[in-house]
Structures are given as C-alpha cells and as structure tokens.
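Visitor: quick one: sequence plus predicted model below, questions after.
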Amino acid sequence: MRKKITKAIFPVAGMGTRFLPATKSVPKEIMTLVDRPLVQYAIDEAREAGIKDFIFVTSRGTGALEDYFDLAPQLEQELRKKGKEDLLKILKSTNMDSGQIAYVRQHKPLGLGHAVWCARHLIGNEPFAVMLPDDVIAAEKPCLAQMVEAYAENPGNIVAAMEVPDEKTSSYGMLDIKEDMGRIVSTKGMVEKPKMGEAPSNLAVIGRYILTPTVLKMLNKKRPGAGGEIQLTDAISDAREAGEEVYGYRFEGHRFDCGSKSGFLQATVSFALAREDLRDDLWAYLNDIIYAEKAAQ
C-alpha cells in the first residue's frame, strides 16, 4: 500500500534581501499578504492536502517566525474578555498543536537542496512534500491537494509546473518532457536555470513538490550545481536516473511570485479584491487612480 503524504518541509532560511529594509528584523515569510503572513497561506494549503507534520528549515534571525505559531494566552484572554469571538477564532486558526511543528537549522545558505537535506532525519523513509511560501497559489482546490491526488495515480516524484515565456526560463528549473499527457507530463530530466534559448521546454518548476526518500539519498552526495549551490532539481534528476519516474503537474490556479516586490503587490491586490469586506473600497480607489492617470495624459 502506497504511503500517504503527511509530512511537509518549508524552507524558510533565506535572508529576504529583496525586501530590505523590512526583512532586517522581520522574516520575509511573516510579511503580511492582506492580513495573513505568507507562511499562513502555505500552512493552510498543506492542511487541506492532509499534511500533519510541518517541518521548517530556518536560519539565524527567524525567531519571529517561530513565535508566530506559539499560543498567545494573554491576547486570547483580552479578546475573550471583550467578546471579540470572530477575532479569537481567527487567532486560534494560527495555532499549531504540540509536536505538530518542528524546526531544523540550516547554518549555511547552500541552496534549496541543502535546506531539504537538513530535514532528512525527520522525514525518514517516507514520501514527503516541499512547499516554498514565496509561491502563493490562488486556486479553488489547493495546489498541493491537486498534486496529492495526482500522486495517488502516478507514483514517483511530482513537481508543480507552469508555462513561462522564453525570456524567463533562466530563472527556473525547466522540465525536459518525455510525454505530454495534458495535466501530467512525464520527463526525461530537469535543467536548472538554463540560458535563454537553451531550455528543453517552456514548462517551469515552481515551489510545490512531492518527493520520494530516494531524493534525500541523492542529496547526500552534496553535489554543487547551478550557482555553486546544492540544487533540489539535480537530486530529482538523479532519482530519475536511478529508475524513479519524475512527473510535472500543470496545476489549476494562479501563482504569485511573492519573492519579488511586484509579485507581492499583485498578490495583495488580487487577494484583497477577492474579499467582500475590501473589494468595493479597493475597486473605487483603483478606478480613481486610473481615471486620474488618464486625465493627466
């Protein structure tokens, strides 16, 4: 019987330099998208997919991230005293049960593959998910839940994939496609950040993975790849060379690159417009801006 996916790794050890000076004291993953931190979107998506154990790979300076998931008894008491039950319910939804969340330290920034490798002892010999909180995906059915369903019918390693224009292929791991079956594609391999014009396809890997223990074994080699870092895509390709299937999954939904300022702003506007309590005021403001800009031309 195939094991269920119940563990997920969240690599959050990056320094967030593109968001300085905000990230001088605030981990990027708890920067708020409307009224929830980025990491909460990832946690909620993981829960919807059946994840029970949450493993965060952190670095020095991410104490605020750990505090976020702790209980806040004094705040809860104040909300209860003032009868603010709605806010109390929201606050409790951020709590994590004891033993459900674990933290592993990545002491040196040696790449995504190394960050995943740091959590190997907590994964053991089980399939697992990897989620990058920078990639926020708006979807009717959460992206990871879609992938878990695909995994049930396609055993092996599965990476979330989307099409990107040629000029952006050098920013992604790109799939070398063996057979395109629509939502699922089988692959011959993966190429990390190829130069423009050298990508084997326009199907890029984004921050959702379902991986087998074989990938962890390949990461034990600690082989430097693109940029001199230990690349997760290299280990996945090595697993394929060892006989495991690697699939790309074209997910349903819209992905926002919240690791960039423009992507973060786009996500903020999109998620705010999806909220009934914010939509009308924001639409009115945006229309005023557009009208003023046209009038000035």
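Guide: That came through fine.

Visitor: quick check: domain ranges of this structure?
Guide: In terms of domains, the chain is parsed into 7-259, 260-297 (source: automatic domain parsing).

Visitor: chain center to the first one, what's the gap?
Guide: When you say that, I think you mean domain 7-259. Centroid displacement of domain 7-259 relative to its chain, using CA atoms, centre = their mean, to the nearest Å, is 3 Å.

Visitor: straight-line length of it, end to end?
Guide: Domain 7-259 has an end-to-end distance of 24 Å (CA to CA, to the nearest Å).

Visitor: cool, stretch 29-49 as well?
Guide: 20 Å.

Visitor: ok, now which ones touch the residue minimising distance to the centre of the chain?
Guide: Closest to where the C-alpha atoms of the chain average out (CA atoms, centre = their mean) is L132, at 2.4 Å. Residues near L132 by CB atoms under 8 Å, 6 or more residues apart in numbering: 10-11, 42, 112, 206-208. Heads up, the C-betas are built off the backbone N, CA and C, glycines and all.

Visitor: quick one: which of these sit in helices?
Guide: Among the contacts of L132, the subset assigned to helices under DSSP state H consists of 42, 112.

Visitor: tabulate the contacts of L132 (a markdown table), appending pLDDT, neighbour count and distance to H254.
Guide: Shown next, in a markdown table, are the contacts of L132 (pLDDT from 0 to 100; neighbours: other CB atoms under 10 Å; distance: CB to CB, whole Å):
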| residue | pLDDT | neighbour count | distance to H254 |
| --- | --- | --- | --- |
| F10 | 95 | 25 | 21 |
| P11 | 92 | 28 | 22 |
| A42 | 94 | 27 | 16 |
| L112 | 90 | 23 | 23 |
| I206 | 92 | 20 | 12 |
| G207 | 92 | 21 | 14 |
| R208 | 95 | 28 | 14 |
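
Visitor: is it possible to get a markdown table of the contacts of L132 that adds distance to T32?
Guide: Listed next are these as a markdown table, based on distance: CB to CB, whole Å:
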| residue | distance to T32 |
| --- | --- |
| F10 | 17 |
| P11 | 20 |
| A42 | 14 |
| L112 | 24 |
| I206 | 22 |
| G207 | 19 |
| R208 | 22 |
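
Visitor: most tightly surrounded among the domains of the chain?
Guide: Ranked by mean neighbour count, the domains of the chain are led by domain 7-259 with a mean of 18 (mean count of other CB atoms under 10 Å).

Visitor: list the contacts of stretch 252-262.
Guide: Applying CB under 8 Å, 6+ apart, the contact partners of stretch 252-262 are 18-19, 28, 33, 38, 133-141, 143, 146, 162, 206, 263-264, 266-267, 270.
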